[in-house]
Each structure stands twice: as C-alpha cells, then as structure tokens.
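> what's the 3D shape of this:
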Amino acid sequence: MNRRGWAAALISRAAAFAAVVVLIGALPWLSGNSPEYTVLRARYADRPATPEVLAQIRTELGLDGGPVAVFADWASGVLTGDFGTSWISGRPVLPGVLDALGVSLTLMGAALAVALVVAALACVPTVVNGLAERPSRGAGAAAAALTALPEFLLAAVLLVVVAVWWGWLPPYGWAGPEHVVLPALAWACRRAG
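From the prediction side, this is the model:
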C-alpha cells in the first residue's frame, strides 16, 4: 500500500473512531429520556423526580448547555488528560477504562494463544498426510462445527458444560487466570476451526 493509501486508511479510521465517540456521547439525549432523569434513577432511586430535583442534577452535572456543550467540555478535558468523572458514581472515568482495557487485552492474548494451538492441532493430520503423500480429507466435521457456531452459543455451551455441570472453572467473575479460560475458548475455537 502506498502513502496515499495509508493516509486514507488512517483518516477513515480516525473519522470512524470520532463518529463512535460522538454517538456514544449523544446517547443520553438520543435515548428519549432526559439524562438528568436517568442519573436520578441510577443514583437516587428513592428520590422523587420533581422538577426541582431534576434541575439540581442538571446544574450539578453541567447539562444545561445541551449535548454539544457537554461534549465540547469533555473533549477539551481529554486533550489535557482528564477523561471526566462518572455521572453515576462520581469517580474518575480513566482508571475504570484502563482496567477494562487490561481485561480486554488479556482476553485477546489468551484467545490468540488458544486459537493458534487449536489451529495447529487441527492442521497436524493434514500436514502428516501431506508429508506422507497420502490424500487428505481436510479438517473434517469438528472444524466445520466450530466455525459454524456463533460465539455466544459456544460460550453458553462451554459455560453450562464446563462451569456448571462439571464444575471445573468459575462461571463468572474476574479474579485470576482461571476466569480467562472460558471466554478465551469461546473466542478462539471458532476462529481456529
């Protein structure tokens, strides 16, 4: 790919990322509910939704300017390294994002490792037959089944069988390496088949 192609790809990806960020930022207004009402229900479920309470939350969060002003304020903070605070918990957003990124990267790495192992094991019979100059029938029905199953179905089957019926792995949570196995298998098996 030449420089013009790289530049076009980079610009299109940056534009897509910016569009996703803007869309996510506008979701509180696009949902049809006022953001202050949503925050009220999430923070203070026992308080009534009176106009005074909603106005107080709107002022506290700086929602009076509308979505464009809120987004511009947030974007200017991002440029200085401040990713804002959660409307619900009141805590900084960046540590939670970094924690989630760490989990995602761990799962991606584990899934890649499992996919490489499963793909290598699926290819061994074909390679052995090829070296022995025997005709090979391909990876077979197991590989076709792994490729055809959607991840959510494979994940549900793995969860029920491995975690619930057999009790070998935890069915939920994120506390140690044993929590990586089921999601990594669900992602990897379909890609390796």
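> max-length helix in this protein?
Counting by DSSP state H, the longest helix found in the chain is helix 94-131.
> report pLDDT for residue 73.
Per-residue confidence (pLDDT) for residue 73: 87.
> just say helix, strand or coil for it.
helix (DSSP: H, G, I helix; E, B strand; the rest coil).
> burial measure for it, as a count.
For residue 73, the count of nearby residues is 12 (other CB atoms under 10 Å). Every residue, glycine included, has its C-beta placed from N, CA and C.
> residues of stretch 120-133 that come out buried?
residue 122 (16 or more other CB atoms under 10 Å).
> now it: how far from the chain's centre is it?
From the chain centre to the centre of stretch 120-133 is a distance of 36 Å (CA atoms, centre = their mean, to the nearest Å).
> for this structure, which segments count as helices?
Under DSSP H, the chain gives helices at 3-30, 35-43, 51-61, 67-79, 94-131, 141-148, 151-158, 181-192.
> which one of the ones you listed lies closest to residue 171?
helix 181-192 (7.9 Å; CB to CB).
> and the helices of the chain, which one's lowest on average pLDDT?
Across the helices of the chain, helix 141-148 has the smallest mean pLDDT, namely a mean of 71.
> before we move on, back to that, quick one, which of the helices of the chain is nearest to residue 172?
Checked against CB to CB, the stretch from those lying closest is helix 181-192, at 9.5 Å.
> and residue 113, what is it in contact with?
184, 188 (CB atoms under 8 Å, 6 or more residues apart in numbering).
> let me know the angle separating the longest helix of the chain from helix 67-79.
In terms of direction (axes from the mean of the first three to the mean of the last three CA atoms, to 10 degrees), helix 94-131 departs from helix 67-79 by 80 degrees.
> compute the inter-axis angle for helix 94-131 and helix 181-192.
Using the same axes, to 10 degrees: helix 94-131 against helix 181-192 is 50 degrees.
> wait, residue 114 sits on residue 184?
Yes: using CB atoms under 8 Å, residue 114 is in contact with residue 184, at 5.0 Å.
> thanks a lot, catch you later.
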